[in-house]
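Peer 1: got a structure for you, letters missing:
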């Protein structure tokens, strides 16, 4: 299953106050990661941590989900240059503004591929919203449609972006200016309100508004990230004038693990618990999902060529720290034990951090569960102790996954269900009554979620 990107730029209410220095530091770390995540799809998802050095400086360590060695070298060189630019560049002038901001230009150029995708997406979404303006109140329709048309024209969304670096940057700077004008206008406020309403109502025909607003926010997030880099430089100059940057290798995707055990949903349930009552309840539930070919979907997902689990960037960093000096507070800059990623943490990374004894800080989770996730490798030098520690973490995370799966099922079963009385169950309620042709329950639970949880259980039991 393709996982949707869900990282959303922080709103003003999400950002720490200027009095919260630890919060500002955490924001700086993940904003730095944000401007390094330069392609869509998750391969360049990046995480940073900052350690102090004995000489009084700092050392940045970063990892990415799936960057090749040459790509890591290029990213490392970019970060070194970016930090130097922040240190040496004057504050952005109110007169020349974005066009003369060398830090912003460096960020935009490095993120050219991702920004090109946003630009193309923005054109489709703007036209889609203009075509669906009838969803607005009649007295607002003309204002919004005319503003969107002006935005399309002024930002040249109908004209392809140039490939040349400086010309590309100039076009994106102009796009940022146009997005800022639209966002601050009365029409921009109406677009934001329509986006909120569309999400709450869940109408597919109105998704264009939330998608349009989402892309606008993502584009503006680059200015926000640069502002955080500049703010951090004022508070902690040492982060920008006495530093080293070290790239850690990405994990190697492993081949699909071989399976000797049955991949059917019923068999998986049998390995998830020894409690007969829970097993029966879950088996009844997954049996109802066979109407939507759950077993076949599990088989297809498991056998996909693209299913090659990796260690996510945040866990690469945490694992490296643990194996190279430990995760004591005094190793970290200002004793702040923190690993910040370019996107909110996925569900499994969040569990890993929560259940790990080191208690290292991390970004809050967006709740998505990605099947192509795996635990860190154990190297020969770690010996039996390393293997045991890995088994402990596997057991902890898998126990949490099982809890999730059973909780999801129990939420869907009526409280009056008598677990051992099949006749009462069949006359009172059937799972099929709660399912639609799209594989979605009436109260909103996707079959995909149970499928992902079960698939992750397969991986953990390999």
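Peer 2: It's in. Keep in mind that what you see is a predicted model, and the values were worked out from it rather than measured.

Peer 1: Let me know the pLDDT of residue 79.
Peer 2: If you check residue 79, the pLDDT there is 98.

Peer 1: Just give me the neighbour total for it.
Peer 2: 23 (other CB atoms under 10 Å). Any C-beta I mention is one placed from the backbone N, CA and C, and that applies to glycine too.

Peer 1: beta partners for the residue nearest to it when sequence neighbours are not counted?
Peer 2: Once flanking residues are discounted, residue 79 sits nearest to residue 245: 4.8 Å by CB to CB, 6 or more residues apart in numbering. Beta bridges link residue 245 to residue 60, judged by DSSP bridges.

Peer 1: so who does residue 245 touch?
Peer 2: Each residue near residue 245 by CB atoms under 8 Å, 6 or more residues apart in numbering is listed here: 59-60, 62, 76, 79-80, 83.

Peer 1: In PyMOL, how would I select the buried members of those residues?
Peer 2: Buried residues among those (16 or more other CB atoms under 10 Å), as a PyMOL selection:
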select buried, resi 59+60+62+76+79+83
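
Peer 1: Just the ones in helices from the contacts of residue 245, please.
Peer 2: Secondary structure from DSSP state H places 76, 79-80, 83 of the contacts of residue 245 in helices.

Peer 1: Need the pLDDT of the residue nearest to residue 79.
Peer 2: 98.

Peer 1: can you put the ones in helices among the contacts of residue 245 in JSON lines and add distance to residue 153?
Peer 2: Output for those, formatted as JSON lines (distance: CB to CB, whole Å):
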{"residue": "76", "distance to residue 153": "40"}
{"residue": "79", "distance to residue 153": "37"}
{"residue": "80", "distance to residue 153": "40"}
{"residue": "83", "distance to residue 153": "38"}
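
Peer 1: Quickly name whichever of these is closest to residue 23.
Peer 2: The nearest member of the ones in helices among the contacts of residue 245 to residue 23, counting by CB to CB, is residue 83 at 20.7 Å.

Peer 1: I figured the closest one hits residue 239, correct?
Peer 2: Yes - here residue 83 reaches residue 239: they are 7.4 Å apart, a contact under CB atoms under 8 Å.

Peer 1: can you give me the helices in the stretch 1-150 of the chain?
Peer 2: 21-34, 69-88, 102-110, 112-131, 138-154 (DSSP state H, counting those that start in this stretch).

Peer 1: any chance of those in JSON lines, with distance to residue 52 too?
Peer 2: Listed next are those as JSON lines, based on distance: least, CB to CB, whole Å:
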{"stretch": "helix 21-34", "distance to residue 52": "13"}
{"stretch": "helix 69-88", "distance to residue 52": "16"}
{"stretch": "helix 102-110", "distance to residue 52": "25"}
{"stretch": "helix 112-131", "distance to residue 52": "32"}
{"stretch": "helix 138-154", "distance to residue 52": "46"}
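
Peer 1: So which of these is nearest residue 305?
Peer 2: helix 69-88 (22.2 Å).

Peer 1: If we go by neighbour counts, what in that closest one is buried?
Peer 2: So helix 69-88, judged by 16+ other CB under 10 Å, has buried residues 71-72, 75-76, 78-79, 82-83, 85-87.

Peer 1: Could you do stretch 382-401 as well?
Peer 2: Going by 16+ other CB under 10 Å, stretch 382-401 has these buried residues: 386, 389-390, 393, 396-398, 400-401.

Peer 1: Mark which of these are part of strands, please.
Peer 2: Assigned to strands by DSSP state E, none of the buried residues of stretch 382-401 qualify.

Peer 1: What about residue 225, how many residues nearby?
Peer 2: Using other CB under 10 Å: residue 225 sits among 26 other residues.

Peer 1: C-terminal to the helix or strand containing it, which secondary structure element comes first?
Peer 2: With secondary structure defined by DSSP states H and E, residue 225 is part of helix 207-235. Using DSSP H and E, the helix or strand that follows helix 207-235 in sequence is helix 238-241.

Peer 1: just checking, what packs against that following helix?
Peer 2: Secondary-structure packing of helix 238-241 (3 or more CB pairs under 8 Å, 6 or more residues apart in numbering; DSSP states H and E): helix 69-88, helix 207-235.

Peer 1: So which bits of that helix are buried?
Peer 2: So helix 238-241, judged by 16+ other CB under 10 Å, has buried residues 239-240.

Peer 1: Work out the gap between it and the centre of the chain.
Peer 2: Distance of helix 238-241 from the chain centroid (CA atoms, centre = their mean, to the nearest Å) equals 28 Å.

Peer 1: contacting residues around it?
Peer 2: Under CB under 8 Å, 6+ apart, the answer for helix 238-241 is 28, 50, 56-58, 83-84, 86-87, 232-233, 333.

Peer 1: try 7 Å this time
Peer 2: For helix 238-241, the surrounding residues in contact (CB atoms under 7 Å, 6 or more residues apart in numbering) are 57-58, 83, 86-87, 232-233.

Peer 1: Could I get the average pLDDT for that helix?
Peer 2: 96.

Peer 1: same deal with stretch 178-190?
Peer 2: Rounded mean pLDDT across stretch 178-190 is 93.

Peer 1: got the buried residues for that stretch?
Peer 2: Buried, per 16+ other CB under 10 Å, within stretch 178-190: 178-183, 185, 187-188, 190.

Peer 1: so how far is residue 342 from residue 370?
Peer 2: Look at residue 370 and residue 342: by CB to CB, to the nearest Å, they are 15 Å apart.

Peer 1: Lovely, talk soon.
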